[in-house]
Structures are given as C-alpha cells and as structure tokens.
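K.L.:
below are the sequence and a predicted model; questions follow.
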Amino acid sequence: MSQSDLEKQALALQQRAYAPYSKFRVGAAVRADGRVFEGANVENASYGLAICAERTAMFAAVLAGCRQLEEVVVCTDVSPPSSPCGACRQVLAEFATDPARVTVTAINGKGERRSWTLAQLLPDSFSGRELP
Ligand code: THU
C-alpha cells in the first residue's frame, strides 16, 4: 500500500521535533473538519514539561476551530511503529465524535505501518458525559 498524504506529512513533521533529551523524534498529522494539522513533540530541560506530537497537532486543530477529529498519523523511528501514549489517546478521544470511526496509524521511515481505531486504543474511555 502506498503512503497517504497524511502519512507523508507525519514523516516530514518528525524532522521538526524538538527532542534533545529523549532523542525520540515524533511527528504527527491529524485531519479534523477535513483540514490537516501538524504536530511534533517539543521537550524541555525540565523534562516533565515535554508535550507529545499528537497533542500539539490536536491542539493546533482546536485553535483553528476544527474540533471534529477524523484521522491521526504518528511517525517515529522505531520498529514496530509506536502507538500514541495513554495521555494522547485521552486527548484525541475528547474530539472524536465516534472513536470507532477515527483511524490512528503509526508509521516509521522504513515504510512499516500499524493501524487501529481510536476505540480500539482506548476502550471504555472517560468521555466527560459522566460529569455532573
Ligand atoms: N512522545 C510523543 O510525542 N508521542 C507519544 O505518543 C509518546 C511519546 C514523545 C514525548 C517525549 O518527547 C518523547 O516522545 C519520549 O517520551
């Protein structure tokens, strides 16, 4: 299967990661409301302040007014391709009207690919509907 445009963007975005501490560069591209938003991980000398690629991309979408998440691609250097962390799964789920219809694809530069739905990655999620 050839690379989708979103996959090509996630691969390119990896180069924009700021990861001098972990050396684990992550690029992410999300499609929301039909538009593509860019993300990469951004670390800090105060390690706990790092933010993941998936969240920078999702927050860029929200800031642009695009809250309906449709698709996510995340790119790392590892094999097999690494899936989004738990915190990012929760943030992505916030903006997924139907998590079973949001595809999350993990890729690497070698052309390897793994895919899930967001519902598979975060079953029985906390949706906020439980809140008073
Ligand atoms: N990271 C991401 O960008 N996405 C993930 O889903 C997992 C981890 C980043 C955070 C940190 O900069 C580095 O990878 C190592 O944890």
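P.N.:
Structure received. Keep in mind it's a predicted model, so treat the numbers as computed, not measured. Numbering: from 1, shown residues only.

K.L.:
could I get the average pLDDT for the longest strand along the chain?
P.N.:
When the chain is parsed with DSSP state E, its longest strand is strand 69-76. Strand 69-76 shows a mean pLDDT of 98.

K.L.:
what lines up beside it in the sheet?
P.N.:
Paired strands of strand 69-76, with direction, are strand 27-32 (antiparallel), strand 103-108 (parallel) (DSSP bridges).

K.L.:
point to the residue nearest the middle of the chain.
P.N.:
By Cα atoms, centre = their mean, the chain has its centre lying nearest to Glu54, at 3.0 Å.

K.L.:
so that residue makes contact with Gln90?
P.N.:
No. Using Cβ atoms under 8 Å, Glu54 makes no contact with Gln90, being 10.6 Å away. The C-beta positions use only the backbone N, C-alpha and C, and glycine is treated the same way.

K.L.:
so Val78 touches Gly109, yeah?
P.N.:
No. In this structure Val78 lies outside contact range of Gly109 using Cβ under 8 Å: 10.1 Å.

K.L.:
any regions of this structure where pLDDT drops low?
P.N.:
1-2 (pLDDT under 70).

K.L.:
go again using 80 as the cut-off
P.N.:
For the chain, the stretches with pLDDT under 80 are 1-3.

K.L.:
those residues of it touching the ligand, which are they?
P.N.:
When proximity is defined by Cβ under 6 Å from any ligand atom, the chain lies next to the ligand at 19, 22, 24, 26, 41, 43, 50, 52-54, 84-85, 88.

K.L.:
returning to that earlier point: tell me which of the strands paired with strand 69-76 sits most buried.
P.N.:
strand 27-32 (a mean of 28; mean count of other Cβ atoms under 10 Å).

K.L.:
CA atoms only: put it into PDB for me.
P.N.:
The C-alpha trace of strand 27-32 is given here as PDB (Å, rounded to 0.1, in the frame of the first residue of the first chain):
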ATOM      1  CA  GLY A  27       5.800  13.600  14.000                       C
ATOM      2  CA  ALA A  28       2.000  13.700  13.900                       C
ATOM      3  CA  ALA A  29      -0.600  14.800  11.400                       C
ATOM      4  CA  VAL A  30      -4.200  14.900  12.300                       C
ATOM      5  CA  ARG A  31      -7.200  15.600  10.000                       C
ATOM      6  CA  ALA A  32     -10.000  17.400  11.600                       C
END
